[in-house]
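Engineer: sharing a sequence plus its predicted fold:
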Amino acid sequence: MKALTLLLTAPAALAVPSSEFQVVLNNVAQYTEAATGGFLGTVTKGLDGLVGVIEAALVSDKAQKVEKWVGDEIKEAEKWVDRGRQFVKQNGLTYELVTHPLFVDYALRTTEPELCDTTVKQYSGYLDITDGKHLFFWFFESRGNPKKDPLVLWLNGGPGCSSSTGLLFELGPCRIADDGKNTTYNPHSWTENANIIFLDQPVNVGYSYSSDGSKVNTSPVAGEDVYAFLELFLARFPQYAKLPFHIAAESYGGTYAPNIAAVIHRENGALGVAPVPGVAHINLESVILANGLTNPLVQMESVPDYACEGPYAVYDDPEGPQCQALRTKVPTCKNLINSCYSFNSRLTCVPAALYCWSQLFGPLQQLGLNMYDVRKKCDRSKDGDLCYREMGWIDTWMNDPKNKAELGVNPAQEFQSCNMEVNQDFMFQGDGMHNSAALLPALINDGVRLLVYAGNADMMCNFIGNERWVEQLEHKFHDEFVKTKPVQWSTASSGRVAGEVRTAGSGAGNVTFVQVYEAGHMVPFDQSEAALDMFSRWISSVSFAQ
């Protein structure tokens, strides 16, 4: 506990409201134990992680970059050139090797699998990075018109959950089935009218891995790697480079995506001033945030409102003792998050994360409900830690040696749908307490569109908090959005009322919020038809009123 003692005596350390900070220090073991939240908050038991964070915060934030090429395994692997393309053989698997003279710290290894949906062209493989990071991707061409349909990057959250959750469980061209033995065709896949990249990031998520122990534990760093991936991908597959590009991200992706979009927007701006041959201007059309964590100050405050007065309230009496107790935690949580916003350090952001997740979500997790769909109960002994048996099925299918070989994955690489060590690393940086929404106004004002949608049965990233932060976001469409009233939206194919929409701007909107009825955290799983209708309208900019 030396680090905690030092904290109390270091004047620079008390850059937070002293009373709230003292509360966290006095109860740190309790909060660390209780700050569990599946996709968004599982942390280690005990104090070691927090002590390490505090010690690091009192010294330096600078990291040493490991100056060596991606795993000496590529340097030593068998390589050759055929018809102007480079190839490399590793672990008995053959890849095309893509390099770029302006991205010398990165290389792309690609192969062409035939899984999931054999009717479309596919690519999979790895982005290799000089500091030992290897990010797995799986790309599917559109079933519609791949030469004209947009390019979409899909990310799942966690932090620490593979994009294969989105691919095999939600919006991908196939769905996991039969306890993980098979997949089935998904007629409501978003690949119906989009080319989609599913990317496992950050490192150590899904099939992604580190060859030398390197980690990523902040969203800004992850954003730089994703930008490099996109540039190499578009250099190798220039047929997609001129298409409209959308970033779509779920859950903790609400933190990832604004950071990635900000990097793309920054680099596009630089290219506009000084074009660089061989570097693509990425046609960033929109950011799509799905039941995301984006502005925790606003969203954490909404937790009691949803639990006590939402459409699927978990407490019978909004004025009862449980609701009153939950509301008493909000002021301290907000003060701690405000300090995180102001000082932007682990020292201020980690206490905010521990307190808010444990005190606001801890009591709710004891109710035996699926936090991601409170219409359902959760028996973790049968349903798994995240209350969905299908997560285990995905692990089974992705760990099948035949599927690994087809996807260009080392047979020794183990797949996990969600890696809780990555989750912990981000938690102990306080990354999820930053205001990623602050990155969006510059993009919106420059023509990048924003869609935020949320299923109304999700308690982890509830629709009330999501709608509130969108309403509070300052940009040139703000006044118009504030004046809007929700209007019902019906799907084009069935005419069924699927939710309600608020929008500012033209067409499907420049800034749009959609509440999806009868859906939890993973809207495309619960409401496949509605999710595809929403997505199709958005990428075509067709009004939800039509």
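Structural biologist: Everything's here; your move. Numbering: from 1, shown residues only.
Engineer: which residues sit against stretch 515-522?
Structural biologist: Applying Cβ atoms under 8 Å, 6 or more residues apart in numbering, the contact partners of stretch 515-522 are 39, 165, 169-170, 250-251, 291, 370-376, 453-458, 460-461, 463, 467, 486, 497-501, 523, 526-527, 530-531, 534. No exception for glycine: its C-beta is placed from N, CA and C like everyone else's.
Engineer: ramachandran coordinates for the residue most central in space within the chain?
Structural biologist: What sits nearest the mean C-alpha location of the chain, by Cα atoms, centre = their mean, is residue 253, with 2.0 Å. Main-chain torsions, residue 253, degrees, to the nearest 10: phi -60, psi -20.
Engineer: who's in contact with it?
Structural biologist: 155, 156, 157, 289, 290, 292.
Engineer: quick one, phi/psi of the residue lying farthest from the centre of the chain?
Structural biologist: The centre of the chain is farthest from one residue, residue 83, which by Cα atoms, centre = their mean lies 38.3 Å away. Phi and psi for residue 83, reported as degrees, to the nearest 10, are phi 50, psi 40.
Engineer: and what of the one 3 residues further on?
Structural biologist: Note on residue 86: its backbone torsions stand at phi -90, psi 140 [degrees, to the nearest 10].
Engineer: what pairs with the closest residue to it other than its chain neighbours across the strands?
Structural biologist: Nearest residue to residue 86, sequence neighbours excluded (Cβ to Cβ, 6 or more residues apart in numbering): residue 97, at 4.2 Å. Note on residue 97: beta-bridge partners by DSSP bridges are residue 86, residue 109.
Engineer: so residue 97 makes contact with residue 79?
Structural biologist: Yes - counting by Cβ atoms under 8 Å, residue 79 is a contact partner of residue 97 at 6.8 Å.
Engineer: thinking again about what came up before, from the contacts of residue 253, which land in strands?
Structural biologist: Among the contacts of residue 253, DSSP state E puts 155, 289, 290 in strands.
Engineer: pLDDT on stretch 449-459, on average?
Structural biologist: Here stretch 449-459 scores 98 as its mean pLDDT.
Engineer: just checking, what packs against whichever strand or helix holds residue 424?
Structural biologist: Using DSSP states H and E, residue 424 maps to helix 420-427. Counting by 3 or more Cβ pairs under 8 Å, 6 or more residues apart in numbering; DSSP states H and E, the packing neighbours recorded for helix 420-427 are helix 346-356.
Engineer: report the angle between the helix it packs on and helix 420-427.
Structural biologist: If you take axes from the mean of the first three to the mean of the last three Cα atoms, to 10 degrees, helix 346-356 sits at 120 degrees to helix 420-427.
Engineer: and the residue nearest to the centre of the chain, how far from residue 544?
Structural biologist: For residue 253, the distance to residue 544 equals 22 Å [Cβ to Cβ, to the nearest Å].
Engineer: cool, residue 352 as well?
Structural biologist: Using Cβ to Cβ, residue 352 is found at 36 Å from residue 544.
Engineer: could you do residue 231 as well?
Structural biologist: Distance of residue 231 to residue 544, computed by Cβ to Cβ: 34 Å.
Engineer: my guess is residue 212 meets residue 134, correct?
Structural biologist: No - with contact defined as Cβ under 8 Å, residue 212 does not reach residue 134; the gap is 10.4 Å.
Engineer: the more surrounded of the two?
Structural biologist: The neighbour comparison of residue 212 against residue 134 (other Cβ atoms under 10 Å) goes to residue 134, with 26 against 12.
Engineer: so the more buried one, which state does it fall into?
Structural biologist: strand (DSSP: H, G, I helix; E, B strand; the rest coil).
Engineer: quick one: contacts for it?
Structural biologist: By Cβ under 8 Å, 6+ apart, the contact set of residue 134 is 70, 71, 126, 127, 128, 203, 208, 209, 210, 211.
Engineer: pull the number of nearby residues for the third one.
Structural biologist: Looking back up the chat, that one is residue 126. Around residue 126 sit 27 other residues, with neighbours defined as other Cβ under 10 Å.
Engineer: returning to that earlier point: could I get the contacts of residue 134 as a markdown table with distance to residue 145, pLDDT and secondary structure?
Structural biologist: As requested, the contacts of residue 134 are exported to a markdown table (distance: Cβ to Cβ, whole Å; pLDDT from 0 to 100; DSSP: H, G, I helix; E, B strand; the rest coil):
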| residue | distance to residue 145 | pLDDT | secondary structure |
| --- | --- | --- | --- |
| 70 | 36 | 43 | coil |
| 71 | 38 | 46 | helix |
| 126 | 29 | 93 | strand |
| 127 | 27 | 91 | strand |
| 128 | 32 | 90 | strand |
| 203 | 34 | 76 | coil |
| 208 | 31 | 87 | coil |
| 209 | 35 | 86 | strand |
| 210 | 38 | 83 | strand |
| 211 | 39 | 80 | coil |
